[in-house]
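Enquirer: Attaching a predicted model along with its sequence, questions to come.
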Amino acid sequence: MLPQFRRRPLVHVASGLIVLLGACVSASATPAAPTPSSDTQPGRAIPLQGNLHITSPGTPHEPYNSDPPTSGPHVRWVAQWGVHKVPIPFEIQVHNLEDGGVVIQYKCDAPCPDLIRKLEALTQRPELLAMPKALISHEGPPAIRLVVAPYPTMKFSIALTAWGRIDTLDTYDDARILRFIKAYIGIDHHPASEK
C-alpha cells in the first residue's frame, strides 16, 4: 500500500514561500564587504588636471589639486634634470612630469645634509642610468629624468611626484623611493596631438 500524503492547505505553502523569499531578499540586501583597492602601484593616484600650456609661472590658472602638483597647467619649458638648490616653480616642474620625469622635493626643519646627499645621489644611481626609458640626452652625457629640489614650505619631509601620482615620506626609504621612480620614469604624458 502506498503511503498517504497529507495535503497542506494552500495558505501554509504560500506562507512558507513568502518566508523563504524574504530570507533570500534579506541576504541579497546585506551590503558586501568593501573590496580592497586594485591599485597596487607605488604612491597614490591623483585625478588628472590636464596639460594646459600657460605663458609663464605667474599666469593665473586653476589651483592644483595636490601639493606638490602632479598634473595641470604648466609652461612650455622644463627645469634642468638633476639637482637644484632652490625651489622650482610648480608650473615648470609639472612639465617635467609630463615629459616622463619624477620630481623629488624635500623639506628640512633643521639642517639635514645626510638626507639631501641621499636624494641628490639618486640622480647618479647606476640602476637608473641602466634604464633606457629613464634617460634623456640632448647634448653631453645622458641624464636621468629626475629632479631633486628643496620645497621648504611643504607639509612633508619628502614628496615624490610623477604624472598623476604622489607619495610622501617622513624619512628616507631607499626601496620605496626607487620603486616609485622605476614605476613612472620615462612615461610620456603629452596629448596625442603634441607627439
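Expert: Arrived safely.
Enquirer: show me where this structure has helices.
Expert: Chain-ordered helices for the chain, with DSSP state H as the definition, fall at 10-29, 90-98, 113-121, 126-129, 174-184.
Enquirer: If you average pLDDT over each of those helices, which is lowest?
Expert: Averaged per stretch, pLDDT over the helices of the chain is lowest on helix 10-29, reaching a mean of 43.
Enquirer: residues contacting the residue nearest to the spatial centre of the chain?
Expert: Nearest to the geometric centre of the chain sits R165, at 1.9 Å (CA atoms, centre = their mean). With contacts defined as CB atoms under 8 Å, 6 or more residues apart in numbering, the neighbours of R165 are 41-46, 70, 180, 183-184. (C-beta placed from N, C-alpha, C; glycine too.)
Enquirer: Show only the entries of those residues found in strands.
Expert: Among the contacts of R165, the subset assigned to strands under DSSP state E consists of 44-45.
Enquirer: Turn the contacts of R165 into TSV, columns for neighbour count.
Expert: Conversion of the contacts of R165 to TSV gives the following (neighbours: other CB atoms under 10 Å):
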residue	neighbour count
Q41	14
P42	18
G43	21
R44	14
A45	12
I46	19
T70	26
F180	23
A183	15
Y184	24
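Enquirer: Quick check: of the contacts of R165, which lies closest to D99?
Expert: Checking those against D99 by CB to CB gives Y184 as the nearest, at 11.8 Å.
Enquirer: Any idea what the residue nearest to the closest one when sequence neighbours are not counted is bridged to?
Expert: Among residues not flanking Y184 along the chain, A162 sits closest, at 3.5 Å (CB to CB, 6 or more residues apart in numbering). With DSSP bridges applied, the residues forming beta bridges to A162 are R165.
Enquirer: re the thing from before, with distance to V78 as added columns, please give the contacts of R165 in JSON lines.
Expert: Output for these, formatted as JSON lines (distance: CB to CB, whole Å):
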{"residue": "Q41", "distance to V78": "24"}
{"residue": "P42", "distance to V78": "22"}
{"residue": "G43", "distance to V78": "21"}
{"residue": "R44", "distance to V78": "24"}
{"residue": "A45", "distance to V78": "23"}
{"residue": "I46", "distance to V78": "20"}
{"residue": "T70", "distance to V78": "15"}
{"residue": "F180", "distance to V78": "19"}
{"residue": "A183", "distance to V78": "20"}
{"residue": "Y184", "distance to V78": "16"}
